[in-house]
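Enquirer: Okay, sequence plus prediction incoming.
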Amino acid sequence: MPEPSWLDALNKEQKLAVQHKADPLLILAGAGSGKTRVVTTRIAYLVKQLGFQPYSILALTFTNKAAAEMRERVAQLVPEADGVMIRTFHSFGAWLLRRNGAPLGLKSSFTIYDDDDTLGLLKTLFEKLPRNELKLIARNISRAKDDCLSPEDNLEHISADPEFPIYYARYEERLREIGNADFGDLIYQSKRLLEENNAIRQRIQQRFRVVLVDEYQDSNRAQFHLLQQLVSKDTWLCVVGDDDQSIYRFRGAEVENILNFQDHFPSTKVIKLEENYRSTGHILAVASHVVSHNEGRLGKNLWTRKEEGIKPKLVYLADQNEEARFCSQILQDGNYSNTAILYRTNAQSRIFEKIFRGNNIPYRLVGTVSFYSREEVKDSLAYLGFLSNPADEVAFRRIINKPARGIGAVSLKKILSSNGTTILTSDLTPALEMAEGFLKGKAAKGVKALNKVLSKLRAALGSDENLGIFLKDLVVDTGLLDHYKEQDRVENTQRVNNLEELVSAASDYPATAEGLAEFLELIELDQASLAEEETDINRVTLITMHNTKGLEFDRVIISGLEEGLFPRGSQNDDEDEIEEERRLFYVSITRARKELFLTSCRRRMLYGRSDEAFPSRFLDELPADHIEVEGAVPTAKIESDYPPGSRLYHEDYGVGEVVSNVENGGHLVIMVRFESGQSMTFLPEFNGYQLEKLGDEW
């Protein structure tokens, strides 16, 4: 049979991958190397040229969008391949369990529990546990299932709580009694089903003679074990992925799955797709050079037939305000829709939003809501709004029981009607104070505590401090900080970062009634202008590094390249974490087609304080002949009596560890990360007397 014309569009390596026969195949597909084309063309080739029945081919991926795209592309190449099963891992698990789940006690009509359902079931089992603890238990149960662990297994790395195995076991027992499955079960129980039932496993293996997995670097342990059960010695197995783009460790992804693939599946053929169709030569050189510093990788080098292009530019700036203004200057050409600004954490979007609105630059936020629309930010602003205008009933309703103070709907109704004696239309403060007299129990205690906090905050307005310091005290005294710290712990979010950024935003204003009103007014005006811009399709993209995977832009600006911010948490020097952060840098760089800018600030405001910032270690790994540098380059790290890793004690901040040393203006500057999580900079020449050295070396 003559070769179909669609093979002509493939390069040599792509064609080898498409036409590979029976042995296990690992396709290492570099960024922009045509991965999806290869996967879909291989499916078409198996059906059209090698005679495989579509019914016998299973392709697994990670998102419904990717699965739909694969189905569409395969159908365009070979319409008769319509019967190929292309699903996400979880969709396949649901399909398998509905047809074969009887040995596990699952009927075909079982319900799939989402996070809320899981939380609800845990609540019925452990009524006395607070909601946040139940959320943490639910999250840990999900993690355990992703690791293919039962309640009887060692779960210490999942949770240090000795009660957790008991919670997990009771939850599983009840879930089985009900006859339903949660999201984690779709993989975990599918693996169990095939592992424990030879007849079902053999039947499924005979059905699916070909198994393909896309984005294999994103697979977790449970998905790997399920794949092992799907594959026999006669299965044509092919996985496609890029070890250099494994950036979802926090979701349970195991880069070892792709690194060790050849060990688990003997006789594996490895084909590397290294020709990039997206980026120019200089950009690819920077990306390859940076990621080559990782030890945990299989190794490949991207190249392109395109021109070398414009050299990426590394720009050193004074602070985050200058960083945002620099981006505004670049965008003066009006090419918004082809530009993306990348950052490590969502909190960094705030200053870009502010500066861009001031310069009439339209933007869109990807993967999150506008900074001032985030729950924790709106909670803080509600307190400020009520302090500014005590007649603001909307703000009052938001703060009255946030965090929870035992003030329910009935108590709130009594407060708002002054216990039935008056309909309030102006100042709600007297009603709140009166409520201490007619409310009972928890509600009375809650109102008393709130009154005390509000009284303290009113007294602090008009001080010599700025509004940022005032707001910092507010989030502490009201309990918002502890509330969102707990949410971050339970849900692995970064809400406290947003509170810190809000404090920084408020630091530009005085802690007076006038300053407070001005700050709130500016936010309202900014939000109004943002709503008007939503219809403009020509907008610059503001996006976290993680959310850019799979996207590409003509022009990319990677911001905030400073130690502690990117790589994050670098004071711990956990090499696995550093390697993942470096892969994230690689992914970010390879989003750019034509232009790449990298920015690093010498100072950055955090929690209302402007502290010295130090260039990311990754900037030392850039190839000098492929980049241009602009701005004053901070001096390199130097040897000192305070080497990184040294432990210190400060009377005000406690025990800390030296993160880095730099020379600035002829003076040694050290950055210290304290156990509280706070980072501070010191000049030992002048304030070394405040630091007590700890450890044997002293």
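Expert: That came in fine, so what should we check first?

Enquirer: who touches the helix or strand harbouring Ala444?
Expert: Ala444 belongs to helix 441-460 when elements are defined using DSSP states H and E. Contacts to helix 441-460, defined as C-beta atoms under 8 Å, 6 or more residues apart in numbering, come from residues 383, 386-387, 399-401, 405-408, 411, 415, 429, 432-433, 435-436, 439, 470, 473-474, 477-478, 511. For the C-beta atoms, the positions are set from N, CA and C on the backbone; glycine is no exception.

Enquirer: Please, where are all the helices along the stretch 551-698 of the chain?
Expert: 575-589, 684-687 (DSSP state H, counting those that start in this stretch).

Enquirer: still on that earlier bit, in whatever helix or strand comes next after the helix holding Ala444, what's buried?
Expert: From helix 441-460 onward toward the C-terminus, using DSSP H and E, the following helix or strand is helix 467-477. Within helix 467-477, the residues scored as buried using 16 or more other C-beta atoms under 10 Å are Leu467, Gly468, Ile469, Phe470, Leu471, Lys472, Asp473, Leu474, Val475, Asp477.

Enquirer: Correct me if wrong: the third one contacts Gly515.
Expert: No: at 11.7 Å, Ile469 and Gly515 do not qualify as touching, with contact defined as C-beta atoms under 8 Å.

Enquirer: how many degrees apart are the helix holding Ala444 and helix 467-477 in direction?
Expert: Interaxial angle, helix 441-460 versus helix 467-477 (axes from the mean of the first three to the mean of the last three C-alpha atoms, to 10 degrees): 160 degrees.

Enquirer: start the count at 646, not 1, going forward
Expert: In the new numbering, first residue 646, that becomes helix 1086-1105.

Enquirer: How far away from the center of its chain is helix 1086-1105?
Expert: 36 Å (C-alpha atoms, centre = their mean, to the nearest Å).

Enquirer: ok so, going back, give the single residue among the buried residues of helix 1112-1122 positioned nearest to Asp806.
Expert: Val1120 (27.8 Å; C-beta to C-beta).

Enquirer: List the contacts of the residue lying closest to the closest one once chain neighbours are set aside.
Expert: Sequence neighbours aside, Leu1126 is the residue nearest to Val1120 in space, at 4.4 Å (criterion: C-beta to C-beta, 6 or more residues apart in numbering). Taking C-beta under 8 Å, 6+ apart, we find Leu1126 in contact with Val1120, Val1141, Leu1144.

Enquirer: Let's see that with 10 Å instead.
Expert: Going by C-beta atoms under 10 Å, 6 or more residues apart in numbering, Leu1126 touches Glu1021, Ser1025, Pro1048, Lys1117, Leu1119, Val1120, Arg1140, Val1141, Leu1144, Glu1145.

Enquirer: in what helix or strand does it lie?
Expert: helix 1125-1136.

Enquirer: Give the next helix or strand downstream of that helix.
Expert: Next along the chain after helix 1125-1136, taking DSSP H and E as the criterion, comes helix 1140-1151.

Enquirer: Generate the PyMOL command that creates a selection of the buried members of the contacts of Leu1126.
Expert: Buried members of those, defined by 16+ other C-beta under 10 Å, are picked up in PyMOL with:
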select buried, resi 1021+1025+1117+1119+1120+1140+1141+1144+1145
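
Enquirer: who touches Tyr893 in this structure?
Expert: Per C-beta under 10 Å, 6+ apart, neighbours of Tyr893: Phe707, Glu860, Gln862, Asp863, Ser864, Asn865, Glu899, Val900, His1191, Lys1194, Glu1225, Leu1229.

Enquirer: meant to ask about Asn966, not that
Expert: Counting by C-beta under 10 Å, 6+ apart, Asn966 has contacts Ile996, Lys999, Ile1000, Asp1153, Cys1246, Arg1248, Arg1249, Met1250.

Enquirer: Quick check: of the residues you listed, which has the highest neighbour count?
Expert: Cys1246 (26 neighbours; other C-beta atoms under 10 Å).

Enquirer: For Lys958, grab phi and psi.
Expert: Note on Lys958: backbone dihedrals following degrees, to the nearest 10 are phi -120, psi 130.

Enquirer: For it, give its distance to Phe1242.
Expert: 5 Å (C-beta to C-beta, to the nearest Å).

Enquirer: And Ile849, by the same measure?
Expert: 50 Å.

Enquirer: same thing with Ala674?
Expert: 27 Å.

Enquirer: Tell me, how many residues neighbour Ile955?
Expert: 14.

Enquirer: same thing with Pro775?
Expert: Using other C-beta under 10 Å: Pro775 sits among 11 other residues.

Enquirer: show me the contacts for it.
Expert: By C-beta under 10 Å, 6+ apart, the neighbours of Pro775 are Leu781, Ala1049, Glu1131.

Enquirer: tell me the pLDDT at Gly1065?
Expert: pLDDT, Gly1065: 48.

Enquirer: whoops, I mixed them up, Glu1020
Expert: 92.

Enquirer: now do the one 4 residues further on
Expert: Here the pLDDT value assigned to Asp1024 is 94.

Enquirer: for it, what are its contacts?
Expert: Asp1024 touches Ala1040, Arg1043, Ile1044, Lys1047, Pro1048, Val1120, Thr1123, Leu1125, His1128, Tyr1129, Arg1140, Leu1144, counting by C-beta under 10 Å, 6+ apart.

Enquirer: Thanks a lot, see you next time.
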